[in-house]
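J.: just coords:
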């Protein structure tokens, strides 16, 4: 069995045909983690015993003709996801001894769907970062080039799926944290509409921005997992009561006549890497050949998005991190890492008396205008296509001394979170052996449409079949 | 918020508000890094926000209510709730003295 080329779909097929058991499948992945993760650092915790036990349960269910959409599928969770009885650190030393007494709603749903939680993945502590280098533990390496970052903050999840250490992995996306690592590791990654997937039990970063996504090797896998995780949850008041369609059924249809908007502000960004621009233009051409109408649009407030984001998000971060006081769990506040401290100071400042109106409130008003840019654009187009990152995966250490330069690498992604709209990262090319990703962005709750366009593009290209040699 | 001069954060005061112990090196480093971030965000002043309402909730939800009933699925036992506490006494979380007479 060529484990590196397995997808959820093909692995389900293998189990169905009894070519191997869930226990054998899970054991393959556990052994692979043991063999290669020493050089990648994707996992913070591996639950060998628990995973094998869950696999046995999956095998006995299958023997009794129980059908579940993800029965026996090994999935990893970013360490922001609370897992009952399994250490959850948020990538931060301040809670490196925390063993939660409950499951996040999404973790519960994945288990209910038959998935096997194989372990917890490394990340920028609390989700604060774009490279994985802000982990309070080890730095995760990009499986395509071990001297480069895998993208963050869901760094370990992306590296784990790309290197064939699990079939899917969860992530959170507050400003780029699913899409950027997906782009840097050649994966399909979804940033949901705000509120489509419950945040309950996922350690909060910025509560009005946080979305709960995942990364897979193919569009079909991504849609399948999304059917499981989406929908109203009584434990999260921001999940609206809107039906979850069958995302799998939205795949494989043509895209003739679909109006694809290209934001003119994005492709003219100074400092955008020429090879990334070329790959994006090539993808644009492919969409055109598939029958889509390519239309230039404008998102006029783009240049203010990062400034808006880096006031509002640290403000919410400072509030959310105030609960870590070492009294009910974890250690004292001096144990926070440098980036968390930096954001707490910035956010507390922006919310403090005398500065609130000038910073927080001003940024919240600009947020209204950025959201309106998207609303206006979707009056004229069905989806927006844009690069995911302006650059290729960068070298470890290249940007870690300059927080502002690191923040600006998310320029094409943060506006999506500001507006609360959904987006997918889809692999769209390689430059010198390094992956390039593009985003498909849609109006709120239009994920089915995004999966449809992405599947048409994926079917016409081969990028998603190029796996690293680790 | 002026675009002309480098804005400054009184890191010491803000850290006190956030109950965040910082080393002298951290204070110095953050003061300079945050000053350059604030210079960058001063860009927001270029945007005319007259008559623009602030946004904090993006999907248009307003108040979401539920019945005020005990839901046992949302409750942890005292033991579970205390399991991670560094110190406990008689079923309570033990904390350091915060008020002296």
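T.: Thanks, I have the structure now. Small disclaimer: the values here were computed from a predicted structure and weren't measured. Numbers count the residues shown, from 1 in each chain, chains lettered A, B, ... in the order given.
J.: all strands of chain B, in order?
T.: Ranges of strands in chain B, per DSSP state E, are B:88-89, B:92-93.
J.: Go ahead and list the helix or strand containing residue A:33.
T.: Per DSSP states H and E, residue A:33 falls inside helix A:22-40.
J.: Equivalent analysis for residue A:367, please.
T.: Using DSSP H and E, residue A:367 falls in helix A:362-377.
J.: residues of that helix that come out buried?
T.: A:362-374, A:377 (16 or more other CB atoms under 10 Å in any protein chain shown). Where you see a C-beta, it was placed from the backbone N, CA and C, and this is true even at glycine.
J.: can the strands of chain B go into a markdown table with extra columns for mean pLDDT, mean neighbour count and distance to chain A?
T.: Output for the strands of chain B, formatted as a markdown table (pLDDT from 0 to 100; neighbours: other CB atoms under 10 Å in any protein chain shown; distance: least, CB to the nearest CB, whole Å):
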| stretch | mean pLDDT | mean neighbour count | distance to chain A |
| --- | --- | --- | --- |
| strand B:88-89 | 94 | 13 | 10 |
| strand B:92-93 | 94 | 13 | 6 |
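J.: For the closest residue to residue A:26 other than its chain neighbours, list the residues it contacts.
T.: Among residues not flanking residue A:26 along the chain, residue A:55 sits closest, at 4.1 Å (CB to CB, 6 or more residues apart in numbering or on different chains). The contact partners of residue A:55, by CB atoms under 8 Å, 6 or more residues apart in numbering or on different chains, come to A:21, A:22, A:23, A:25, A:26, A:27, A:72, A:116.
J.: What's the biggest helix in chain B, counting residues?
T.: Assignment by DSSP state H gives helix B:24-41 as the longest helix of chain B.
J.: Flag every buried residue along that one.
T.: Buried, per 16+ other CB under 10 Å, within helix B:24-41: B:26, B:29, B:30, B:33, B:34, B:35, B:37, B:38, B:39, B:41.
J.: The third one reaches residue A:345, doesn't it?
T.: Yes. With contacts defined as CB atoms under 8 Å, residue B:30 counts as touching residue A:345 at a distance of 5.5 Å.
J.: Give me the common contacts of those two.
T.: B:9, B:11, B:22.
J.: Can you list the buried residues in stretch A:127-141?
T.: Buried, per 16+ other CB under 10 Å, within stretch A:127-141: A:127-137, A:139-141.
J.: Please name the spatially closest residue to residue A:403 (chain neighbours excluded).
T.: Residue A:403 sits nearest to residue B:33 (CB to CB, 6+ apart), 5.7 Å away.
J.: Equivalent analysis for residue A:272, please.
T.: Nearest to residue A:272 is residue A:390, by CB to CB, 6+ apart, at 4.4 Å.
J.: Which one of the shared contacts of residue B:30 and residue A:345 is nearest to chain A?
T.: Closest to chain A out of the shared contacts of residue B:30 and residue A:345 is residue B:9 (5.1 Å), distances taken as CB to the nearest CB.
J.: The nearest residue to residue A:21 once chain neighbours are set aside is in what secondary structure piece?
T.: Once flanking residues are discounted, residue A:21 sits nearest to residue A:59: 5.0 Å by CB to CB, 6+ apart. For residue A:59, the host element (DSSP H and E) is helix A:48-63.
J.: Quick check: mean pLDDT of that helix?
T.: The pLDDT scores in helix A:48-63 average 98.
J.: Pairing partners for the following helix or strand past it, with directions?
T.: Remark: after helix A:48-63, the chain's next helix or strand is strand A:74-78, criterion DSSP H and E. Its sheet considered, strand A:74-78 pairs with strand A:116-121 (parallel), strand A:168-173 (parallel) by DSSP bridges.
J.: Let me know the angle separating whatever helix or strand comes next after strand A:74-78 from helix A:48-63.
T.: Sequence-wise, the next helix or strand downstream of strand A:74-78 (DSSP H and E) is helix A:105-112. Following axes from the mean of the first three to the mean of the last three CA atoms, to 10 degrees, one obtains 50 degrees for the angle between helix A:105-112 and helix A:48-63.
J.: tell me what helix A:105-112 is packed against?
T.: Packing partners of helix A:105-112 (3 or more CB pairs under 8 Å, 6 or more residues apart in numbering or on different chains; DSSP states H and E): strand A:74-78, strand A:116-121, helix A:219-229.
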